[in-house]
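[1] sequence isn't available, so here's the structure alone:
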């Protein structure tokens, strides 16, 4: 069976042909960019070429209102960030962008002196987990408790409907098998505990524990609300609660859950330019 978007006519192709053509163009573009990188470095010198490349990327990105990291930002050269980034890339781990990863790493570093383990609700490939564990310190005794169905998202509710009248998500989206997450985090030995099940079914596994950091990345209203309801009273003063999806237009339910929960709490919700939110427990 072949997928056809509409009846082929002049200038129209079956979707499969169009996809193959697009992939071919991307491959050609990649070869050209690599060649230009090599040539530019030889003609201009590596650093001067990088600066020129940045200026070009910035102009191109601005045309579509995208952003480009400035090359002089020191977080890009942070030794622990580089170590975690290199580990993620060497293992081919996909997931959240690197500015969010650095927020997780520096938050974990900030709470090193606060008693309590880490919890993460929603891990997908484990990229965010890797940065949390690195930020805690490679010699740390803090454990990371990961709660995930490993079957993708749960069923979206009415609170997850966008302004256009539908949800970006469907049940089962973003599913990653448990063994992949386990393999991706194998460098951290027995510091990781995977709790397989729909949120909040397995939360009682840690009901008697205290936490210094909680990361919530479950995209939808109901599991986000259930996560903060359970973990908030178990976070130590000075501890951190992060929500990955707070600033995403694709995840209106996550923002709604965080705002509703903290409306009568003493803490303020900080909305970050990365799209995350951050709360420091009073």
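    Right, received. Where do you want to start? Treat the numbers as computed from the prediction; the structure is a model and nothing was measured.
[2] once you drop chain neighbours, what's closest to the residue nearest to the spatial centre of the chain?
    With distances taken as Cα atoms, centre = their mean, residue 96 lies nearest the centre of the chain, 2.7 Å away. Residue nearest to residue 96 in three dimensions, not counting chain neighbours: residue 128, with 5.7 Å by Cβ to Cβ, 6 or more residues apart in numbering. Placement of C-beta: from N, CA and C, glycine included.
[3] in what helix or strand does the one you found lie?
    Element membership for residue 128 (DSSP states H and E) is helix 127-136.
[4] which residues sit in contact with the closest residue to residue 50 other than its chain neighbours?
    Leaving aside its chain neighbours, residue 50 sits nearest to residue 71 (6.3 Å; criterion: Cβ to Cβ, 6+ apart). By Cβ atoms under 8 Å, 6 or more residues apart in numbering, the residues touching residue 71 are 50-51, 54.
[5] report the separation between residue 71 and residue 57.
    10 Å (Cβ to Cβ, to the nearest Å).
[6] and residue 230, what's its pLDDT?
    Residue 230 carries a pLDDT score of 99 in this model.
[7] was I right about it contacting residue 200?
    Yes: counting by Cβ atoms under 8 Å, residue 200 is a contact partner of residue 230 at 5.8 Å.
[8] ok and the helix or strand hosting residue 86 relative to helix 127-136, angle-wise?
    Element membership for residue 86 (DSSP H and E) is helix 79-90. With axes from the mean of the first three to the mean of the last three Cα atoms, to 10 degrees defining the directions, helix 79-90 sits at 150 degrees from helix 127-136.
[9] after helix 79-90, next one along is what?
    Past helix 79-90, further along toward the C-terminus, the next helix or strand under DSSP H and E is helix 98-110.
[10] residues contacting residue 97?
    Residue 97 touches residue 274, counting by Cβ under 8 Å, 6+ apart.
[11] measure it to residue 271 for me?
    In terms of Cβ to Cβ, residue 97 sits 17 Å off from residue 271.
[12] repeat for residue 108
    Taken as Cβ to Cβ, the span from residue 108 to residue 271 is 20 Å.
[13] what about these two, which has more around it?
    The residue with more neighbours, out of residue 108 and residue 271, is residue 108; 26 against 15, by other Cβ atoms under 10 Å.
[14] the more buried one touches residue 128, doesn't it?
    No: with contact defined as Cβ under 8 Å, residue 108 does not count as touching residue 128 (10.4 Å).
[15] and residue 126, how many neighbours?
    30.
[16] what does the pLDDT read for it?
    For residue 126, the model assigns a pLDDT of 97.
[17] quick one: it and residue 93 touch, right?
    Yes: between residue 126 and residue 93 there is a contact under Cβ under 8 Å: 6.5 Å.
[18] anything in contact with each of the two?
    Counting by Cβ under 8 Å, 6+ apart, the common neighbours of residue 126 and residue 93 are residue 184.
[19] mean confidence score for the helix holding residue 86?
    98.
[20] which residues are contacting that helix?
    Residues contacting helix 79-90 (Cβ under 8 Å, 6+ apart): 75, 95, 98, 101-102, 105, 109, 127, 130-131, 134-135, 187.
[21] which members of these define the maximum pairwise distance?
    75 and 187 (21.9 Å; Cβ to Cβ).
[22] out of the contacts of residue 71, which are buried?
    When the contacts of residue 71 are checked for burial by 16 or more other Cβ atoms under 10 Å, the buried set is empty.
[23] great, nothing more from me.
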